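J.: Sequence below, structure please.
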Amino acid sequence: MALRRGFGLVIGLIVIAFAVSAAGLGALWLFTSRQPSVSRDSTLMLRLDTDLNETAPDDVFRQVLSGRRAPSLATIVDNLRKAKVDDRIRAVVISPSGLQAPHWGKVQEVRDAILDYRRSGKPAIAYLEFADDRMYYLASACDRIYLMPSSGIDLNGLASYALFLRGSLDKAGAYPDFVHIGQYKTAAHQYTEYGFTPAHREMAASLNRDLYEQLVRGIADGRKKSPEEVRALIDKGPFLAGDAVKAGLIDGLAYLDQLDDKEKLPRENGDWVETREYAGVSASKLGLNKGPRIGVIYASGIIMSGESAFDPFSGQILGSETLIRHIRAARDDKSLRAIVVRVDSPGGSAVASDAIWRELVITRDQNPKRPLVVSMSDLAASGGYYIAMAAPHIVAQPATLTGSIGIVAGKLVTGGTYAKLGANIESVSEGRNAEIYSPARPFNESERAALIASLSSFYDQFVEKAARARNMTPERLETIAQGRVWTGSQAKEVGLVDELGGLDRAIAIAKEQAGIPEDSGVQVVVYPARRSVYEMLAEAFQLETRGDLIAAALLPADERRALGLITAPMRLFRRAEPLALMPYGWLR
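T.: Prediction:
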């Protein structure tokens with residue numbers, strides 16, 4: 001009897017748990033599917049408190065628990081696209097003061113979206129609590145700019161930095177033993193060098209100079225000044241609020257609550273719509289995202305073999321097996337009139353990059369009447385460019401970091417570090433090169449020769465494939481390879497990309513090549529698709545307690561990204577694995 005009662009109690013608890021889960025799923029579905037109420041003559045408040053991830057992560061509960069619900073690049077651009085045609089939206093206020101974008105390509109994507117919205121004739125007003133170069137660059141796309149009276153504009157030029165750890169490794173008794181193909185393939189320099197090599201400095205200066213000129217031209221166009229005037233103003237920066245007004249960098253000083261009076265914007269309850277709320281407005285109900293279907297495959301993150309994942313320090317990991325499944329799913333969907341691949345990757349595993357490239361080539365050749373176009377985001381370098389070159393047409397932002405056609409491999413020899421601690425590593429082995437990956441000693445002559453042969457073979461294939469893709473001779477391609485990183489505008493000049501623009505431009509090209517009328521809308525089918533509510537809820541209960549997540553959470557975003565990129569070759573890949581990975585550096 002007691003056993004029967006116990007069994008009944010267990011069944012009852014299971015039923016209750018199931019009912020609670022079902023109720024939770026229903027509530028979550030209602031919450032996520034509810035359309036927000038937008039009144040007429042509303043103002044869209046677009047807060048750019050974000051690091052501009054390509055798409056929003058679908059682990060909703062983890063975002064809420066961590067306090068991070070930053071809008072994605074797709075959300076921001078979609079909101080501006082909707083506001084352009086939504087007759088309930090009278091104006092858009094852009095507030096970029098929380099922007100944390102580490103690069104410039106996505107910033108240009110948002111700027112292009114602001115300029116496109118303004119073609120509706122509705123005003124775009126920038127409100128700055130504070131502004132650095134990226135924030136002000138975005139604000140300069142707006143009709144008018146207001147700054148908080150007690151603040152300033154930190155506009156004083158661009159500087160790029162590279163961190164070299166060789167001295168630290170020497171003190172630790174570690175030796176970086178790396179081989180690279182290409183004089184500009186500097187990804188391992190953070191370990192092997194004490195400072196810039198001449199080629200590394202030349203490349204860094206060229207990138208910095210071109211990005212600076214893009215900043216100057218953008219501000220000059222937005223503020224109706226000559227480039228010479230803008231350069232002179234930048235040399236006088238940073239600016240206090242009053243000085244920014246006198247210099248014509250902004251149109252006035254105001255607190256946010258004063259903005260409605262200055263711009264005659266309605267400020268009653270419900271008349272200002274926030275970014276996240278407006279994201280719930282259906283694009284299709286506004287006449288958007290309808291028509292022939294075009295697939296957009298997102299390829300974001302450091303490229304590795306296996307399944308996609310998330311690394312607390314390096315961010316999104318692009319697994320070759322996961323991406324290949326998405327490519328095949330898009331290829332098998334006969335309703336798609338065209339496929340666009342959106343690349344945002346610094347590269348990674350050479351083998352994984354080649355596997356992805358092959359799958360895209362199959363997709364391209366299987367149905368020549370269905371166009372394949374690549375859109376480059378912040379990064380499409382090394383392995384990122386390798387997968388991009390499968391497409392006959394490549395579109396990049398002027399600031400996209402691309403190219404880096406080269407390869408590197410090596411290992412960090414830590415035998416000396418162990419010796420300093422009184423430890424000793426000994427080994428036994430059979431086979432001439434059995435100890436090629438030994439952590440205790442550098443490569444010997446035989447091992448180094450084998451590694452160089454492997455890297456040279458892959459580099460030659462990289463150059464030959466890129467040459468065929470870009471309709472060049474291998475000799476011509478070699479002059480712009482050598483591991484060199486280019487901005488998108490430079491890459492267009494040397495023939496590595498076809499056109500400058502963002503994802504919208506790539507979709508427009510895909511439409512044209514697919515024979516879809518220019519005035520026709522399209523339905524964008526995204527790969528990977530958002531997971532179901534059930535999948536999100538199930539994962540939310542699998543709480544992570546790993547130390548790396550805790551450590552990453554304690555670091556500011558910039559430091560976390562820097563640490564991730566510096567340590568990625570040692571943490572994420574096999575020792576001496578051939579890497580098609582761009583060099584690390586950052587701009588301020």
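J.: Show the pLDDT at the closest residue to residue 100 other than its chain neighbours.
T.: Computed as CB to CB, 6 or more residues apart in numbering, the closest residue to residue 100 that is not its neighbour in sequence is residue 51, at 4.2 Å. All C-beta spots, glycine's among them, are computed from the backbone N, C-alpha and C. Note on residue 51: pLDDT of 87.
J.: What number of residues are in the vicinity of residue 426?
T.: 5 (other CB atoms under 10 Å).
J.: With the one 5 residues further on instead?
T.: Counted with other CB under 10 Å, the burial measure for residue 431 works out to 7 neighbours.
J.: Domain boundaries for this structure, per the record?
T.: Using automatic domain parsing, the domains assigned to the chain come out as 39-156+237-284, 290-406+480-577.
J.: Make TSV out of the ones you listed and add mean neighbour count and distance to residue 225.
T.: Shown next, in TSV, are the domains of the chain (neighbours: other CB atoms under 10 Å; distance: least, CB to CB, whole Å):
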stretch	mean neighbour count	distance to residue 225
domain 39-156+237-284	19	7
domain 290-406+480-577	20	19
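J.: Make a markdown table from these and add distance to residue 459 to it.
T.: Output for those, formatted as a markdown table (distance: least, CB to CB, whole Å):
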| stretch | distance to residue 459 |
| --- | --- |
| domain 39-156+237-284 | 26 |
| domain 290-406+480-577 | 7 |
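J.: if we can go back for a sec, hang on, the residue nearest to residue 100 packs against residue 98?
T.: No: between residue 51 and residue 98 there is no contact under CB atoms under 8 Å: 9.6 Å.
J.: Name all residues that make contact with the residue nearest to residue 100.
T.: 70, 99, 100, 101, 102, 557 (CB atoms under 8 Å, 6 or more residues apart in numbering).
J.: which residue sits closest to residue 280, ignoring its sequence neighbours?
T.: Per CB to CB, 6+ apart, closest to residue 280 is residue 36, 4.8 Å.
J.: Of the domains of the chain, which is nearest residue 473?
T.: Comparing these by their distance to residue 473 (CB to CB), the top pick is domain 290-406+480-577, with 11.5 Å.
J.: per-residue confidence for the residue nearest to residue 315 when sequence neighbours are not counted?
T.: For residue 315, ignoring the flanking residues on the chain, the nearest one in space by CB to CB, 6+ apart is residue 301 at 6.3 Å. As predicted, residue 301 sits at a pLDDT of 93.
J.: do you know how far residue 301 is from residue 352?
T.: Separation of residue 301 from residue 352 (CB to CB, to the nearest Å): 11 Å.
J.: any low-confidence regions in this protein?
T.: 1-34, 57-69, 266-270, 530-566, 570, 576, 584-588 (pLDDT under 70).
J.: Could you rerun that using 50?
T.: By pLDDT under 50, the weakly predicted segments of the chain are 3, 7, 10, 13, 15, 17-18, 21-22, 24-33, 59-68, 537-546.
J.: okay, which residue is most central for it?
T.: residue 344 (4.7 Å; CA atoms, centre = their mean).
J.: Check the secondary structure at it for me.
T.: With DSSP: H, G, I helix; E, B strand; the rest coil as the basis, residue 344 sits in strand.
J.: Skipping adjacent residues, who's closest to it in space?
T.: For residue 344, the spatially nearest residue (CB to CB, 6+ apart) is residue 377, at 3.6 Å.
J.: Could you look up the SS state of that neighbour?
T.: strand.
J.: how about it, what does it touch?
T.: 54, 73, 105, 106, 109, 300, 342, 343, 344, 397, 400, 503 are the contacts of residue 377 under CB under 8 Å, 6+ apart.
J.: Turn those into a markdown table, columns for distance to residue 369 and secondary structure.
T.: Listed next are these as a markdown table, based on distance: CB to CB, whole Å; DSSP: H, G, I helix; E, B strand; the rest coil:
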| residue | distance to residue 369 | secondary structure |
| --- | --- | --- |
| 54 | 28 | coil |
| 73 | 31 | helix |
| 105 | 30 | helix |
| 106 | 32 | helix |
| 109 | 29 | helix |
| 300 | 28 | strand |
| 342 | 22 | strand |
| 343 | 23 | strand |
| 344 | 28 | strand |
| 397 | 28 | coil |
| 400 | 28 | coil |
| 503 | 22 | helix |
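J.: I'd like to know which of these is nearest to residue 311.
T.: For the contacts of residue 377, the nearest to residue 311 is residue 300 (12.5 Å; CB to CB).
J.: Now do that closest one against residue 72, distance only.
T.: To residue 72, residue 300 is 11 Å away according to CB to CB.
J.: joint contacts of the two?
T.: With CB under 8 Å, 6+ apart, residue 300 and residue 72 have common neighbours 53, 54, 55.
J.: Identify the residue nearest residue 151 in space, chain neighbours excluded?
T.: residue 130 (4.9 Å).
J.: got a list of what that neighbour touches?
T.: 97, 148, 151, 152, 153, 154.
J.: what sits against the last one?
T.: If you count contacts by CB under 8 Å, 6+ apart, residue 154 has them with 130, 131, 132, 133, 237, 238.
J.: Over to it: give its phi and psi.
T.: With angles defined as degrees, to the nearest 10, residue 154 sits at phi -90, psi 70.
J.: Then residue 197?
T.: phi -80, psi 160.
J.: I'd say it and residue 186 touch.
T.: Yes: between residue 197 and residue 186 there is a contact at 7.2 Å, judged by CB under 8 Å.
J.: These two: who's more crowded?
T.: The neighbour comparison of residue 197 against residue 186 (other CB under 10 Å) goes to residue 186, with 29 against 15.
J.: State the helix or strand in which residue 297 lies.
T.: Here residue 297 sits within strand 293-300, counting by DSSP states H and E.
J.: what's the very next helix or strand once past that strand in contact with?
T.: As assigned by DSSP H and E, the chain's next helix or strand after strand 293-300 is strand 302-304. Contact with strand 302-304 is made by 311, 314-320, 345-349, 352-353, 356, 383-384, 387, 568, 572-573, 580-581, as judged by CB under 8 Å, 6+ apart.
J.: Just the ones of the contacts of residue 154 in helices?
T.: Members of the contacts of residue 154 lying in helices (criterion: DSSP state H): residue 133.
J.: out of the contacts of residue 154, which one sits closest to residue 171?
T.: residue 132 (34.5 Å).
J.: For residue 581, give the beta-bridge partners.
T.: Beta-bridge partners recorded for residue 581 (DSSP bridges): residue 347.
J.: Just the closest of the shared contacts of residue 300 and residue 72 to residue 423, please.
T.: The closest of the shared contacts of residue 300 and residue 72, once distances to residue 423 are taken by CB to CB, is residue 53, at 42.1 Å.
J.: Could you check how far the residue nearest to that closest one when sequence neighbours are not counted is from residue 276?
T.: Spatially, and ignoring its direct neighbours in sequence, residue 53 is nearest to residue 72 (5.0 Å; CB to CB, 6+ apart). With the distance defined as CB to CB, residue 72 ends up 11 Å from residue 276.
J.: returning to what we had before: would you mind giving the shared contacts of residue 300 and residue 72 as CSV with distance to residue 486 added?
T.: Compiled in CSV, the shared contacts of residue 300 and residue 72 are given as follows (distance: CB to CB, whole Å):
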residue, distance to residue 486
53, 24
54, 21
55, 26
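J.: which one of those residues is nearest residue 166?
T.: Nearest member of the shared contacts of residue 300 and residue 72 to residue 166, counting by CB to CB, is residue 53, at 32.9 Å.
J.: ok, now how distant is residue 330 from residue 341?
T.: 9 Å.
J.: ok, the residue nearest to residue 53 - contacts?
T.: 50, 52, 53, 54, 55, 56.
J.: Name the SS class of the second one, please.
T.: Going by three-state DSSP, the secondary structure assigned to residue 52 is coil.
J.: Also the last one?
T.: Applying three-state DSSP to residue 56 yields a three-state assignment of coil.
J.: pretty sure it is touching residue 78, no?
T.: No: if you go by CB under 8 Å, residue 56 and residue 78 don't touch, sitting 10.7 Å apart.
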